[in-house]
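Novice: Take a look and give me a structure for this.
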Amino acid sequence: MRQLVCILLTFLIWFLLTWPPALVDLVVGLFFAILVATLLSELYPEQPSAVFDPRRWFWAVLYLPYFFYYCVKANLDVAYRVLHVDMPIRPGIVRVPTTLTSDWAKTFLAASITLTPGTLVVDIDGQDLYVHWINVPEKDRENQARQIASVFEPLLRRIFE
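Specialist: Numbers count the residues shown, from 1 in each chain. Purely as a prediction, here's the structure:
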């Protein structure tokens, strides 16, 4: 059943990308949808039908401006640190615990952190992300590190879990 849903999702993407459809496009698309879903079905989500849940799409649409806000905020912080000589830059790698459980959610969390300037996820080990941070604070380091992930976790949980 899971593989059939993967074939249908892959074929739907192919169908939308080759609009307007011709018969040869549909045949080639079906062939490659079967091939891709057969070879890569373990990479698809555990419940591919969850992709069609409108609540998840609602939270995903809300996530985009939310992420954009934090990305702009981090850009300004990094630009200020570069231009202002007295601003501290203490780079380091910190362990950031996450409460997300699905691989997709952790991957999107890691991508969101990496796309935010000043941070780069270098490893994911179980429930921990290891993040290279432009300015590791000396005081309350663990609480500050937790704040990196806690910005994105609530919405990603609603989208992927």
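
Novice: From D25, how far off is the most centrally placed residue in the chain?
Specialist: Centroid check for the chain by C-alpha atoms, centre = their mean gives F108 as the closest residue, at 1.5 Å. Noted for F108: a distance of 31 Å to D25, by C-beta to C-beta, to the nearest Å. For every residue, glycine as well, the C-beta is placed using N, CA and C.

Novice: Equivalent analysis for Y63, please.
Specialist: 32 Å.

Novice: Touching the strand or helix carrying F108 from outside, list them.
Specialist: Secondary structure from DSSP states H and E places F108 in helix 103-115. By C-beta atoms under 8 Å, 6 or more residues apart in numbering, the surrounding residues in contact with helix 103-115 are 45, 67, 71, 96, 98, 100, 119-121, 124, 129, 131, 148-149, 152-153, 156-157, 159-161.

Novice: May I see the buried residues of that helix?
Specialist: Judged by neighbour count using 16 or more other C-beta atoms under 10 Å, the buried positions of helix 103-115 are 104-106, 108-110, 112-113.

Novice: Remind me what the top helix by length along the chain packs against, helices and strands.
Specialist: Identified as the longest helix of the chain according to DSSP state H is helix 54-83. Here helix 54-83 touches helix 103-115, helix 153-160, going by 3 or more C-beta pairs under 8 Å, 6 or more residues apart in numbering; DSSP states H and E.

Novice: Could you look up the SS state of I13?
Specialist: On the three-state scheme (DSSP: H, G, I helix; E, B strand; the rest coil), I13 is labelled helix.

Novice: What's the local residue count around it?
Specialist: Residues lying near I13 (other C-beta atoms under 10 Å) number 13.

Novice: Now do the worst-scoring helix or strand of the chain on mean pLDDT: which elements does it pack against?
Specialist: Every helix and strand in the chain was compared by mean pLDDT, DSSP states H and E; the lowest is helix 141-150, with a mean of 80. If contacts are counted by 3+ C-beta pairs under 8 Å, 6+ apart, helix 141-150 sits against strand 92-97, helix 103-115, strand 128-133.
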